[in-house]
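K.L.:
Coordinates for the following, if possible.
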Amino acid sequence: MGARNTEELASAVAEIKSTGGRTAALPLDLRIPENPAKLVQFAADQFGAIDIVVSNAGATKRGEFEELTEEDWNDGFALKFFGSVRLARAAWPHLKKSGGSLIFISGVGGRTPGRHFAIGGSVNAALLSLTKALADAGIRDGIQVNAINPGTIRTSRFETRLAAFAAERNLNVSEAEREYVKESNIARIGEPSDIAALVAFIAGPQGRLLQGALIDMDAGATKTI
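P.N.:
Here you go, the predicted model:
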């Protein structure tokens, strides 16, 4: 695993080890061009081979288009798009050797961007296009490549947005969540475990027919075909 937040990495490592799993973590910033290759080499050194790569880094700034700066746009693409490109490029030889699986965690904004999600929608759309291109190359090289588009997932970032939503409507958090779900016209708020379960299915034996799939796991948020 690799991420910028050392405390969250340590927590994830402890959780995995508590269930008997084997793991290793490297704190780094994937926006720095050389770091994705460092992470890949770290994983290869720790485990001897790389079978699955899940690219799940990146959060982009929300806001009105006129308020988004050049720095906001550059930062949005630096981590989630270019970080994914560099990670895939560094891991490709390893995945080719193992016949492995590459999974990008993109987002529903790539299909249905909104007014406040110009950066995120653009980055996610680029990541979906990258998925299709690499899936085509993956057929030749024996690498499975797919993308998952999460909708609203119960992350710390969502909890912050929900708290602001609750304060704005003068509701408690439970009421605010019910109102959010109703206004968004979705089935429910997703859990990180929902996405993790889909990743496990895709990379497992039953999901190997998936190639170049762009899977919306969004509780019905995406209304278009």
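K.L.:
what about stretch 87-97, average pLDDT?
P.N.:
Averaged over stretch 87-97, pLDDT sits at 98.
K.L.:
swap in stretch 153-164?
P.N.:
94.
K.L.:
same deal with stretch 3-14?
P.N.:
pLDDT averaged over stretch 3-14 gives 90.
K.L.:
quick one: buried residues of it?
P.N.:
Residues of stretch 3-14 classed as buried: 3, 9 (neighbour count, 16 or more other Cβ atoms under 10 Å). Using the backbone N, CA and C atoms, a C-beta is placed for each residue, glycine as well.
K.L.:
Equivalent analysis for stretch 44-55, please.
P.N.:
50, 52, 53, 54, 55.
K.L.:
any idea what the first one is structurally, helix, strand or coil?
P.N.:
The assignment at residue 50 comes out as coil when based on DSSP: H, G, I helix; E, B strand; the rest coil.
K.L.:
Quick check on the closest residue to it other than its chain neighbours: phi, psi?
P.N.:
Distances taken as Cβ to Cβ, 6 or more residues apart in numbering put residue 94 closest to residue 50, at 3.9 Å, once the chain neighbours are dropped. The phi and psi torsions at residue 94 (degrees, to the nearest 10) take the values phi -70, psi -40.
K.L.:
Let me see the contact set for residue 94.
P.N.:
Taking Cβ atoms under 8 Å, 6 or more residues apart in numbering, we find residue 94 in contact with 40, 44, 49, 50, 100.
K.L.:
quick one: which of the buried residues of stretch 44-55 is nearest residue 145?
P.N.:
residue 53 (9.7 Å; Cβ to Cβ).
K.L.:
now what about the longest strand seen in the chain, what contacts it?
P.N.:
The longest strand of the chain (DSSP state E) is strand 144-150. Contacts to strand 144-150, defined as Cβ under 8 Å, 6+ apart, come from residues 100-108, 110-111, 124, 127-128, 131, 134-135, 137-138, 190, 195, 198-199, 202-203, 208, 210-218, 222.
K.L.:
what does stretch 113-121 give?
P.N.:
Stretch 113-121 has contacts (Cβ under 8 Å, 6+ apart) with 60-65, 68, 72-73, 76, 107, 109-110, 112, 122, 124-125.
K.L.:
can we see that at 6 Å?
P.N.:
Stretch 113-121 has contacts (Cβ atoms under 6 Å, 6 or more residues apart in numbering) with 60, 61, 62, 65, 73, 76, 109.
K.L.:
Touching stretch 161-169 from outside, list them.
P.N.:
Applying Cβ under 6 Å, 6+ apart, the contact partners of stretch 161-169 are 173, 176, 180.
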